[in-house]
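**Student:** next comes the sequence, and after it the predicted model I'd like to discuss.
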Amino acid sequence: MSKRNSQASKSAARERLRIERERQAKRDKAKRQVIVAGSIVAVLAIAGGIGYAVVQNNEPSKWDAAADAKVVAPANTSGKNGSTVVIGESKTDNTVHLYEDPRCPACASFEQTVGETVNKGMTDGDYKLSFTLGTFLDGNLGGEGSKNGVSALGAALNVSPEAFLEYKTALYSTKYHPEETTDDLAKDSYLIKVANTVDALKDNKKFQDAVNKGTYDAWAMKMSKTFDDAKGVDSTPTIKINDKVITNPSSVADWQKALKDAGVTK
């Protein structure tokens, strides 16, 4: 090979190498741009996710919103926000006031042991029955069963006082009252299932719609506030006869004695 040809070959080789380096540089630049763009997208996605989570955390819960919502009070209530529930026509001025929480196991035990006798005294005209329903166990144990249960009881009360009493009895029954630490009452389907054992509520579309739509959620929150503000009430059940707290009866005999001691019966 001549010297000229050798130099030409070297020049051509250098040119090819230059061109290849330029191509590689362009490919590297494009790759870096893709990586940077991907990183930006990832950062934006993370930021967006964090932002969404912050917004979600700052949004009020269903029950926080209900606490500030306009109250729809059930029928058969009175007083501010319908938070007074009094049932019965008494021949006297005697009133038995029950403070209960739907999730409360002691309330369930009281209902199972004495509830029928308590209701009979009301129907016999010995006294009126007054109810204030609390939701503090949701706060103590977590969950929404107490609040949802009170709302459903409001839906039953809207049907009739009798439906309310029968539904409350069913919710507190050995068959349907859940363990305190479970939250079955938070499920609308469970509340409706129990209601279907009560004649006035069985397949009652108006009642079911009220439960599913949370018609009485705001009322439940106001009722709960009334419970929290009640004097002399620091546990459930709390029972007052003519505004005086009594020792919770553990038997029908205890209940009858409490009524006699309070001068309600002889």
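**Tutor:** Yep, that arrived.

**Student:** mind showing which ranges of this protein have poor pLDDT?
**Tutor:** The chain contains residues with pLDDT under 70 at 1-60.

**Student:** show me where it has strands.
**Tutor:** 85-87, 95-100, 128-133, 238-241, 244-245 (DSSP state E).

**Student:** adding distance to Ser160, write the ones you listed out as JSON lines.
**Tutor:** Every C-beta, even on glycine, is put in place using the N, C-alpha and C of the backbone. Shown next, in JSON lines, are the strands of the chain (distance: least, CB to CB, whole Å):
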{"stretch": "strand 85-87", "distance to Ser160": "10"}
{"stretch": "strand 95-100", "distance to Ser160": "18"}
{"stretch": "strand 128-133", "distance to Ser160": "14"}
{"stretch": "strand 238-241", "distance to Ser160": "24"}
{"stretch": "strand 244-245", "distance to Ser160": "29"}
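
**Student:** pick the most deeply packed of those.
**Tutor:** strand 95-100 (a mean of 23; mean count of other CB atoms under 10 Å).

**Student:** that one pairs with which strands, parallel or anti?
**Tutor:** Its sheet considered, strand 95-100 pairs with strand 128-133 (parallel), strand 238-241 (antiparallel) by DSSP bridges.

**Student:** ok, which of these comes nearest Lys147?
**Tutor:** strand 128-133 (9.7 Å; CB to CB).

**Student:** as a markdown table, the strands paired with strand 95-100 with distance to Asn76 would be great.
**Tutor:** Formatted as a markdown table, the strands paired with strand 95-100 follow (distance: least, CB to CB, whole Å):
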| stretch | distance to Asn76 |
| --- | --- |
| strand 128-133 | 11 |
| strand 238-241 | 21 |
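
**Student:** of all these, which lies closest to Asn212?
**Tutor:** Taking those one by one with CB to CB, strand 128-133 is closest: 19.9 Å.

**Student:** hmm, who's touching the closest one?
**Tutor:** For strand 128-133, contacts defined as CB atoms under 8 Å, 6 or more residues apart in numbering pick out 83-90, 94-102, 118-119, 122, 150, 153, 220, 223-224, 226-227, 230, 233.

**Student:** try stretch 237-254
**Tutor:** 93-100, 104, 106-107, 110, 113-114, 117, 127, 230, 232-233, 255, 257-259, 261-262, 264.

**Student:** buried ones among those?
**Tutor:** 94-100, 104, 107, 110, 113-114, 127, 233, 255, 258-259, 262, 264 (16 or more other CB atoms under 10 Å).

**Student:** so who does the residue nearest the centre of the chain touch?
**Tutor:** By CA atoms, centre = their mean, the chain has its centre lying nearest to Glu144, at 2.6 Å. Neighbour list for Glu144: Lys62, Trp63, Asp138, Asp183, Ala186 [criterion: CB under 8 Å, 6+ apart].

**Student:** I'd say the second one and Asp217 touch.
**Tutor:** Yes - contact criterion CB atoms under 8 Å: Trp63 and Asp217 qualify, at 7.1 Å.

**Student:** need the residues touching each of the two.
**Tutor:** Counting by CB under 8 Å, 6+ apart, the residues touching both Trp63 and Asp217 are Lys147.

**Student:** between those two, which is the more surrounded one?
**Tutor:** Neighbour comparison, Trp63 and Asp217: the larger count goes to Asp217, with 22 against 19 (by other CB atoms under 10 Å).

**Student:** hmm, the more buried one is touching Lys62, no?
**Tutor:** Yes - counting by CB under 8 Å, Asp217 does reach Lys62; the two are 7.3 Å apart.

**Student:** buried stuff in stretch 133-141?
**Tutor:** Those would be Leu133, Gly134, Thr135, Phe136, Leu137, Asp138, for stretch 133-141 by 16+ other CB under 10 Å.

**Student:** helices of this protein, start to end?
**Tutor:** For the chain, the helices defined by DSSP state H cover 3-58, 62-68, 105-110, 116-123, 136-141, 145-159, 161-171, 188-195, 205-213, 217-229, 252-261.

**Student:** any idea how far Glu180 is from Ser109?
**Tutor:** The gap separating Glu180 from Ser109 is 11 Å, by CB to CB, to the nearest Å.

**Student:** just Ala155 next, same as before
**Tutor:** With CB to CB as the criterion, Ala155 and Ser109 are 25 Å apart.
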